[in-house]
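Student: Have a look; sequence and predicted model below, questions after that.
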Amino acid sequence: MVQSIGGIAKYSATDLDRLAQKLNQDGICIIPGLFERKLIEEWAQAFEKLFRERQNQPGGLAPREVARYYLTLPWVPPFANELVFANPVIMGLLERVFYQEYVMVQLGVDVPFQGSDYQETHRDFRPLFSDQIVTPLYALAVNFPLVEVTAENGPFQMARGTHVLPREEGLKKVASGEIPMESFYMQPGDVMVRSPLALHRGSPNRTNQPRPMVVMGYAMHWLHTPKVELTLQQDYYESLSVEIKQMLRCQVVEQLPKEKAETYVNFKY
């Protein structure tokens with residue numbers, strides 16, 4: 001049973017076991033109301049300012065088809081927050097599905113604007129070996145929106161269970177309607193954990209407001225992830241516990257760069 005104590009959702013070991021089972025089976029699970037609204041509002045305000053700055057920088061935004069962008073978040077407040085990237089509930093879930101040490105490799109935002117369309121149905125990763133070999137989950141995306149996600153503002157869509165199917169078989173079952181492409185509506189504070197191998201797409205944002213969706217990427221410690229990167233300032237990195245430092249696959253620099261050119265441009269498989 002999920003309880004709310006002082007406005008913060010508390011999840012029991014049984015809840016986490018159930019979520020892990022759903023994640024393994026469907027390739028996705030939702031953790032309702034994990035973050036406080038106040039935290040989401042702070043992130044939304046900071047993101048809006050950051051997006052405007054990045055718009056004016058060469059390569060500051062990675063295109064994600066028409067009227068849709070991706071950008072990496074800097075490791076500064078409010079984004080550098082252990083209660084978010086090392087949240088005990090998220091960590092408890094990851095520990096149940098990753099059977100070895102895992103690392104955080106990504107902190108970014110996907111944002112569709114008015115004029116965006118359906119993305120091509122895709123995966124974010126290649127299979128580990130071949131399409132015919134079903135592997136345990138070895139990489140996960142943890143998403144949470146900075147606004148309410150409705151039918152109108154471009155909900156994330158995914159076909160459940162396609163993370164364990166060969167890509168072509170999954171695409172045929174989606175095309176025939178045997179496996180529906182499902183929209184996921186979320187409230188600010190809800191968290192989605194999903195397999196990047198499940199077939200999915202972004203849908204059109206028909207409103208005049210952007211719909212930012214944070215993505216935190218986690219992977220088994222041995223997985224090579226060249227497209228995404230974390231850069232932390234040394235004084236912040238040094239303030240972290242040994243366990244957290246081990247969990248972050250990051251570059252440590254004396255001073256964070258003022259401008260950022262996005263490298264995660266090719267994103268579909």
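Tutor: Thanks, I have it. All values reported here derive from a predicted model rather than from experimental measurement. Numbering: from 1, shown residues only.
Student: Break down the stretch 51-200 of the chain into its strands, ranges please.
Tutor: Under the criterion DSSP state E, counting those that start in this stretch, strands of the stretch 51-200 of the chain are mapped to 62-63, 68-72, 102-112, 139-145, 156-158, 182-184, 191-194, 200-202.
Student: Would you single out the least confident of those strands?
Tutor: Here the strands of the stretch 51-200 of the chain differ in mean pLDDT, and the lowest is strand 62-63 at a mean of 91.
Student: circling back to that earlier point, how about the strands of the stretch 51-200 of the chain, which one is nearest residue 27?
Tutor: Taking CB to CB, strand 191-194 is the member of the strands of the stretch 51-200 of the chain nearest to residue 27, at 6.1 Å. For glycine as for every other residue, the C-beta is placed from the backbone atoms N, C-alpha and C.
Student: Output the closest one as CSV, restricted to C-alpha atoms.
Tutor: Output of strand 191-194 as CSV, limited to C-alpha atoms (Å, rounded to 0.1, in the frame of the first residue of the first chain):
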residue,chain,number,x,y,z
VAL,A,191,7.7,9.1,-12.5
MET,A,192,7.8,6.7,-15.4
VAL,A,193,10.5,4.0,-15.6
ARG,A,194,10.9,2.3,-19.0
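Student: What is that strand packed up against?
Tutor: Judged by 3 or more CB pairs under 8 Å, 6 or more residues apart in numbering; DSSP states H and E, the packing partners of strand 191-194 are helix 13-26, strand 28-31, helix 88-97, strand 139-145.
Student: any chance of the ones you listed in TSV, plus distance to residue 185 and mean neighbour count?
Tutor: As requested, the helices and strands packed on strand 191-194 are exported to TSV (distance: least, CB to CB, whole Å; neighbours: other CB atoms under 10 Å):
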stretch	distance to residue 185	mean neighbour count
helix 13-26	16	16
strand 28-31	10	20
helix 88-97	20	18
strand 139-145	10	23
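Student: Using the centroid of the chain, identify the residue furthest from it.
Tutor: residue 176 (28.0 Å; CA atoms, centre = their mean).
Student: For residue 131, see how far away that one is.
Tutor: Going from residue 176 to residue 131 by CB to CB, to the nearest Å gives 19 Å.
Student: Check residue 163 too.
Tutor: Separation of residue 163 from residue 131 (CB to CB): 11 Å.
Student: which of the two has more neighbours?
Tutor: Shown here are residue 163 and residue 131; by other CB atoms under 10 Å, residue 163 has more neighbours (27 against 14).
Student: OK, contacts around that one?
Tutor: For residue 163, the contacting residues are 27, 137, 195, 197, 198, by CB atoms under 8 Å, 6 or more residues apart in numbering.
Student: Identify the residues contacting the second one.
Tutor: Looking back up the chat, that one is residue 137. Residues counted as contacts of residue 137 (CB under 8 Å, 6+ apart) are 23, 24, 97, 98, 163, 195.
Student: give me that answer again for 6 Å
Tutor: 97, 195 (CB atoms under 6 Å, 6 or more residues apart in numbering).
Student: Quick check: the gap between it and residue 178.
Tutor: The gap separating residue 137 from residue 178 is 23 Å, by CB to CB.
Student: What of the first one?
Tutor: Taking CB to CB as the measure, residue 27 and residue 178 are separated by 16 Å.
Student: of those two, who's got more company?
Tutor: For residue 27 versus residue 178, the count of surrounding residues by other CB under 10 Å is larger for residue 27: 25 against 9.
Student: doesn't residue 195 make contact with the more buried one?
Tutor: Yes: in this structure, residue 27 is within contact of residue 195 by CB atoms under 6 Å, at 4.1 Å.
Student: of all the strands of the stretch 51-200 of the chain, which lies closest to residue 237?
Tutor: Comparing the strands of the stretch 51-200 of the chain under CB to CB, the one sitting nearest is strand 102-112, at 12.9 Å.
Student: contact partners of the closest one?
Tutor: Under the contact criterion CB under 6 Å, 6+ apart, strand 102-112 has outside partners 68-73, 94, 154, 202, 205, 210-221, 225, 228, 247-249.
Student: Separate out the buried members of those.
Tutor: Neighbour-count burial within the contacts of strand 102-112 applies to 68-73, 94, 154, 202, 205, 210-220, 228, 247-249; the criterion is 16 or more other CB atoms under 10 Å.
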